[in-house]
Structures are given as C-alpha cells and as structure tokens.
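Sequence unavailable; structure follows:
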C-alpha cells in the first residue's frame, strides 16, 4: 500500500496564519469593547477571552508555526493548527470548553515539537523555549479548569518571554558569549519556578516572579547584540531599536510585580498586561517580522524607514496609556492611549500586507 506524502508545508503555511490573524483582529475588537467604544463585532464572550486569544491564539499560533517550519516534519503543523482552531472556536458560538481543550492540545503539541528539535541540536535555546511551551500548556489547562486569566498572567508572560529569550540566544549566540546558554537556562528555570510559586503563594511568589523576570530581562538587554547594532543603519538598526524598547517595557512589568506583589486588577494589571504583550511582545514581533515572515509565509516584508511609524506610535501610545493613564490617572489618557495602541497594530499589519 502506498502512503500519501504529507502536504508541502509551503502550501499550508499561509492558511495556518489565518487563524492567528483572526485572533489578533478579534482581540483588537475585544479591546474596543473593554473600552466601551463601538466595535465591529459585539459579543458577550469576546471580552472574556481577550487575553488568552491574543497570547495563545495570535502569538502562540505564530510561534508554533515558526517552530514547525524549523522542524520540517508534517506532524509539527498540528501545533499551530490546534492553537489556531482553538482560538477561533473560543470566539465562535461553540461551547467555550471546546476551544479551551484545543488550545491546551495545541500547546502540548508545541512541547512535542521541541523534543526532536532538542535531539537534533541539543541546544540550550531549545530548552528555554520548550520550558516556555510547558508553561503555556499549564496556563491552557488551568484556564480550562476554571482558573481566572488574571491569576494565570505570570504563566502567559513567562511563555512569551522565555520563547523570545530562546530565539534571541539562537540569533545572537556569538555576541552573548560561550556561557550564555547555561546562564539563560538557569535564569529561565528560576522564572519557571517563580511562576508556580505565584500560583501557590500569590504574595511572595509574585514578588519572586518579578525579581526573576527582572534579572532575566536585564541579562538579555545587557548581552543582546542589539546594544551594538542600534548604532548601525537600515534593518539592523530598526530591529535593535524595537528590541531594546521591548526590553524596557518588560522591565516595567517586572518592577511592578517586584514592588506590588500580585497584579490581578486595576491600573497595575492594565500596565503589566500591556507593557508585556504590546510593549515587549509586539515590539519583538515588529523587530523580527522582516526576517521570520518570509520563512513562515513565503511573503517578503521589505525594510524601509516607514516601518518606524507604527513602532513609534506603539511606544508613544503606551507611554500615554501606562504613564499618564495608569500611573498618573490623567483623565481619558488610558482610553486615548489604548485607541492609539490599536491604530499602531493595524498600521503595522497594513505595512506587512503591502510591502511584500
């Protein structure tokens, strides 16, 4: 009996990006609803799934797709497919539990993708990213079990931070030095332990999480080649500027946990969530998009100074939202900053779609 060959990854990659894009757009729609502003789609469930939709649905699907491409085996596409399907189902009329189960299955499949990647390279960067995927799986399982999203925030934050930290080690190993791998594994393990501690002992564990996150981010910022390439020109300078700004926002979130303990509501929660998932994560996405987008989707993203426009708007609007709005409680600053956040994201999407 002849076994049919699996579909070529290049054929399926653009299709698997679609759920990630839908997750992002749905998350932005939910943001408008949370701001009590008119939104294209208005459902009761959207605001409830806003955070998980953006982290596991958007970021998680993109990460899983990039890792599946690196793996080069058809079964690896199960991870982005499950994460994307789970995200779409969480905003559909289907029972929420169905989407939650698929998200958990997709995160677990991502962990499985890292196993052969580790066997292939035995690289510390893969271990760090795999730990991030384990924490994503834990977050998905706990959410499906009824744990509230604010309680899971350290798990989701650690997922994106450790994944990006591992990718930076892969891309900038020579600049980081020969001991970078073991040091990053040690720091990442400390962050992972603090994540669990924050769940079991919220007060002390949250402070510990802030401390370990601050050390990790500080080490990355100190050793990343971006500190040198920001003095260059063109694409290297653009990428470096995005990354250094991202590290600064991650430091803001770490300091908030370190000084405040548990962050589950109010202005501090808003500040931490958006410092990490917009200031850090999206800035890193913007930085690496010209390099990763062609490998994942086959589409080019040509560099040009115009790419700085959404980046500048993103960080300026975050200053308005977090500093003036959340920090100083200036009237309407929080809403203005949040709307400009959305404009910045849509602006970058527009450039990514037109500069191929």
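Structure received. Computed from a predicted structure; not experimentally measured.

Residue 219 is in contact with residue 183, correct?
Yes: with contact defined as CB atoms under 8 Å, residue 183 reaches residue 219; the gap is 6.9 Å. The C-beta positions use only the backbone N, C-alpha and C, and glycine is treated the same way.

Residue 179: neighbour count?
9 (other CB atoms under 10 Å).

what about it, distance to residue 29?
Distance, residue 179 to residue 29, by CB to CB, to the nearest Å: 45 Å.

do the same with residue 117
Distance from residue 117 to residue 29, by CB to CB: 35 Å.

Look up phi and psi at residue 123.
phi -110, psi 130 (degrees, to the nearest 10).

Touching, it and residue 182? I think so.
No: look at residue 123 against residue 182 with CB under 8 Å: they stay out of range, at 11.6 Å.

more neighbours, these two?
Higher neighbour count among residue 123 and residue 182: residue 123, with 16 against 10, using other CB under 10 Å.

I'd like to check which residues are in contact with the more buried one.
170, 181 (CB atoms under 8 Å, 6 or more residues apart in numbering).

Need the per-residue pLDDT for it.
Per-residue confidence (pLDDT) for residue 123: 92.

give me the low-pLDDT residue ranges for the chain?
1-13, 356 (pLDDT under 70).

go with 90
1-17, 36-38, 41-44, 69, 72, 74, 121-122, 170-178, 291-302, 352-356 (pLDDT under 90).

And the strands in it, which stretches?
In the chain, no strands are defined using DSSP state E.

From residue 183, how far out is residue 148?
Taking CB to CB, one finds residue 148 at 34 Å from residue 183.

and those two? which has more neighbours close in?
Neighbours were counted for residue 148 and for residue 183 using other CB under 10 Å; residue 183 has more, 16 against 10.

Could you measure from the more buried one over to residue 222?
Taken as CB to CB, the span from residue 183 to residue 222 is 11 Å.

In contact with the closest residue in space to residue 289 that isn't next to it in sequence, which residues?
Counting by CB to CB, 6 or more residues apart in numbering, the nearest residue to residue 289 once its immediate chain neighbours are dropped is residue 301, at 5.4 Å. Applying CB under 8 Å, 6+ apart, we find residue 301 in contact with 289-290, 293-294, 351-352, 355-356.

just residue 188 next, same as before
Residue 188 neighbours (CB under 8 Å, 6+ apart): 127-128, 131-132, 162, 165-166, 216.

list the buried ones in stretch 57-77?
For stretch 57-77, the neighbour count (16 or more other CB atoms under 10 Å) marks 57-71, 76-77 as buried.

list the contacts for the closest residue to residue 128 other than its chain neighbours?
Sequence neighbours aside, residue 166 is the residue nearest to residue 128 in space, at 3.8 Å (criterion: CB to CB, 6+ apart). Residue 166 makes contact with 125-129, 132, 184, 188, according to CB under 8 Å, 6+ apart.

now swap in residue 274 and tell me
Contact analysis of residue 274 by CB under 8 Å, 6+ apart lists 318, 321-322, 341.

do the same with residue 249
275-276, 278-280, 283, 315, 318.

so which of those residues comes closest to residue 106?
Distance to residue 106, by CB to CB, is smallest for residue 276 among the contacts of residue 249, at 21.0 Å.
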